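S.K.: Got a predicted structure here, sequence first:
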Amino acid sequence: MKKRYVIASLGAALIFAGCGAPYWTKKGNRDYDAYAYANAVTSYKKALDKKADYYEAKKKLADSYRLMNNPSAAEELYKDVVTMPDSDPMNQFYYGQVLMQNKKYAEAKKAFEEYAKAKPEDTFVKALIEAAANPGKFDGKLDDCAYSLTPIETSGLLNALGGTPYNFGYVFAGESAVEAEEKGKQRNPYTGNSFMDLYFIKKDKSSAKWSAPEALKGGVNGEFHDAFATFSADGQTVYFTRTQTDKGKMRLNNNQVSNLEIIKATFLDGEWTNLESFPYNSLEFSNGHPALSADGKTLYFSSDRPGGYGSTDLYSCKWNGTSWDAPVNLGPTINTPGREVMPHVGFDEKLYFSSDGHAGLGGLDIFSSTKNGSNWSVPANLKSPVNSSRDDFSFVLDSEGKIGNLTSSRGGTDKLYEVIYKDVIVPVEVCLVDKITRKPASGLMVYAENKDTGEIDSTSAGSDGKATFRLKGEYDFVIKARSATVLTNSIDITTKGKSCATVVKTCDDGKVLEVEAPDYAKEYDINDIYYDYNKWNIRPDAAKQLDKLVKLLQDNPSFKIELGSHTDCRGSEEYNQKLSENRAKAVVKYCTLRDIDPSRLTYKGYGETVRRSSCVCESCSEAEWQQDRRTVFKLIK
C-alpha cells in the first residue's frame, strides 16, 4: 500500500514507428522507477507487441501489475516469466504471492517451494509454504447469522480505504478518476487516478444509508496524498499520513524519491489547522499509518526506516508529557521480513495490524496481538470473512466490539466494508423421554436458565418429545422440565464456541430430560448414605450422594419428601430410635443449608425396626451392619 513518487524530468522525444522492444522497455523503466506504474504498463505492452518473448519487458509488466494490485494479470505474465532462461528466483516468489491472491493455493505452494530450493537461506518463505498448504486453517467459518460484511457506498470515488471512527462516522482516504480536461487536478502516476484526500461519511440510522463523502476542511488535504488518519479521544487532534511536500511540490531526497510523513493538525473554528510535522519524519524514509492508543499516550505507526526487520515495520512512541519519545520497533514477534502496516488499537486494547509476512490467505491479512508487559503475543490471524485472498487492512471496531470497518481489495478495488458482529443465537434441541419406556415425553414446559445472567427462556415439548430453543451464544445453561405431576431431572449445556448455523442436539451428546410418574408408595434409596458407628454426622462419601438428592429437589420444586433413617441392631431400641432421628435431621439440615425449603422436608427415625440384613445381631459382619445404617426417602402428598 505504500506509495512513493519521483518527478521524472523527461525531455520531449520524437517517437518513431520503428522503435523496438528495447526502446519501449527503457521508456517503461523510467516510469517504473518513478513508481508511475500505470504509465509503465503502456510502454511495456508496446515492447511486447514488438517482441513477445522480451524478458525484461514481460517481467517488469508482471511486476507493475502486481504492484498495482492486479494479481490476475500478474499471474498470467509470471507464469511465462518463471520459465524464461534469464528468470530470477524472486520471480517464483512473486508468482507464489499472486497465486495466493487468486486462491490457487496448490500452485502457490509449488512456486514457493521452487523459490526455497533456489534460496534455502530465506526462512521467510517457510510460513508462506505452510499457509499455501493449509488455507483452511484461516477459514473462520462464520455464518451470515453471526456477522455481516457489507460494502460502504462512497459515491464519486474509485477507491476508498483506511476508515477510522470520528464524530459517529468514519474518516477515510479516497481517490477519484481524473479526466484529461480537468484543470488543476493532478494525476497519481501510480494508478492514473487522483491523489488521495481525506473524507468524512456517516450512516443515517433510520434509512441505513451512507452520506455522500465530504472532504475534510482546512489544511489536511493538500496537492498530493493525504490518508490514514487517527484522532484523539476528544476529536480535536488528528495525525495523518501525507506525501512529503514543499511549497506545493513533492519534496525529494537525493535519490529523487518523495517519502511519506506523519502530520499533526488541530480542529479550530470548524476546520483543521496548525499543521505540524511529526518530529521523527525524514527525507530518507517513510513514516505513515499513525494510530493513537485510547489514552493518547502511545502512537503506533509503520515505517521503512533503517534497522527494521522487513520492508516496513511497526513502531511506537510514548508521550512523555511534552513530546514524543524516540520510536521503538515492536520487535520480531510482530515484524517480519515482509510488510507490517496499518496498526490500530482496538476497544479490547489489542493491536490490530496487517501483514503479508505472517501466514495467511494471501496479500495483506489482518492480525491481532496483545501486549503483556514488554512482550507481544504471537499474532493471531483474524481468518475469513475478515480476511480474504486479496489485501485486507485498516480493521477497526467500536467500543463494544460489535460494529466497525475494514478495507479490502477482494472486489477488485480498495473499498470500505462495514463489519457488524451479531449476537450469536444458537439453536438448541432438547430431548425428553419417559424414564421407564424411553419413549418421547410431550406436553411439558421446558426452561433454559442462563447461569451467568439468570435469564430464563421457556418452551413446551412437542409430540416428538423435542423442545427447541434459540439461546445466546457463549453462555452456559441449565435445562429443566417443570411439572407438578411428574418427576424430572435437569441437564447442563453450553453454547460457548457453537455456531448459530448448527443445531445443538442434546440427544447427540447423550443428555436427555427423563420424565417419571411419581410413586408415593415407593421407598427411594439414597445410595451409599452410610454412617459411622454411633455417629450421625454426614461423611464426605455420603455428601456426594446427598448432593444428588438436593439436585432432585431443585429440579422438582413442587414435590415434598419424607426422609427416613435406620440404624443397625447394636445398642438399645431407645438409643437407636434417637440415633436414627438425629441422622434424619442431619440430612434435612444438609438440604436446607443448600437452599431447599424446610417446608418440603419431613423426617422420621426408624431405629433398628426395619433392617435389611438377616443376620443374628451379635454375629453380623461390619458390612451387614453398614447395610442397616442407611437413609431413604419417599414422596409425600
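M.R.: Arrived safely, thanks for sending. Numbering: from 1, shown residues only.
S.K.: in which helix or strand would I find residue 91?
M.R.: helix 89-101 (DSSP states H and E).
S.K.: which strands and helices sit next to the very next helix or strand once past that helix?
M.R.: Using DSSP H and E, the helix or strand that directly follows helix 89-101 along the chain is helix 105-118. Applying 3 or more C-beta pairs under 8 Å, 6 or more residues apart in numbering; DSSP states H and E, we find helix 105-118 packed against helix 89-101, helix 124-133. All C-beta spots, glycine's among them, are computed from the backbone N, C-alpha and C.
S.K.: least trustworthy helix or strand in the protein by mean pLDDT?
M.R.: strand 524-525 (a mean of 78; mean pLDDT, DSSP states H and E).
S.K.: In its sheet, which strands sit next to that one, and in what direction?
M.R.: strand 630-636 (antiparallel) (DSSP bridges).
S.K.: tell me the average confidence for the partner strand?
M.R.: Mean per-residue pLDDT for strand 630-636: 87.
S.K.: List of residues touching it?
M.R.: Strand 630-636 has contacts (C-beta atoms under 8 Å, 6 or more residues apart in numbering) with 518-526, 529-530, 549, 559-566, 583-584, 587, 602, 612.
S.K.: Quick check, residue 317 in contact with residue 323.
M.R.: No. Assessed by C-beta atoms under 8 Å, residue 317 is found out of contact with residue 323, at 9.3 Å.
S.K.: When those two are compared, which one has more neighbours?
M.R.: Under the neighbour definition other C-beta atoms under 10 Å, residue 317 and residue 323 were set side by side, and residue 317 has more, 21 against 8.
S.K.: Please state the backbone phi and psi of residue 569?
M.R.: Phi and psi for residue 569, reported as degrees, to the nearest 10, are phi -90, psi 0.
S.K.: ok, now which ones touch it?
M.R.: 576, 608, 611, 617, 620, 625, 628.
S.K.: just the helices and strands packed on helix 105-118: most buried one?
M.R.: The highest average neighbour count among those, using mean count of other C-beta atoms under 10 Å, belongs to helix 89-101 at a mean of 23.
S.K.: For residue 31, which three-state class applies?
M.R.: helix (DSSP: H, G, I helix; E, B strand; the rest coil).
S.K.: how close does it get to residue 44?
M.R.: 9 Å (C-beta to C-beta, to the nearest Å).
S.K.: okay, those two: which has more neighbours?
M.R.: Just comparing residue 31 and residue 44: by other C-beta under 10 Å the higher neighbour count belongs to residue 44, 30 against 23.
S.K.: before we move on, the earlier item: can you list the residues that contact the helix holding residue 91?
M.R.: So helix 89-101 is contacted by 59, 62-63, 66, 71, 74-75, 78-79, 81-82, 105, 107-109, 111-112, 114-115, 118-119, 125, 128, 131-132, 356, 361-363, 389-390 (C-beta under 8 Å, 6+ apart).
S.K.: For this protein, which segments count as helices?
M.R.: Assigned by DSSP state H, the chain shows helices spanning 21-33, 37-50, 55-67, 71-81, 89-101, 105-118, 124-133, 540-555, 573-592, 622-628.
S.K.: buried sites along the second one?
M.R.: Meaning helix 37-50. By neighbour count on 16 or more other C-beta atoms under 10 Å, the buried set for helix 37-50 is 37, 38, 39, 40, 41, 43, 44, 46, 47, 48, 50.
S.K.: okay, how far is it across stretch 137-145, tip to tip?
M.R.: 21 Å (C-alpha to C-alpha, to the nearest Å).
S.K.: mean confidence score for it?
M.R.: Computed over stretch 137-145, the average pLDDT equals 75.
S.K.: Is it possible to get TSV of the helices and strands packed on helix 105-118 that adds distance to residue 255 and mean pLDDT?
M.R.: Shown next, in TSV, are those (distance: least, C-beta to C-beta, whole Å; pLDDT from 0 to 100):
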stretch	distance to residue 255	mean pLDDT
helix 89-101	21	94
helix 124-133	26	89
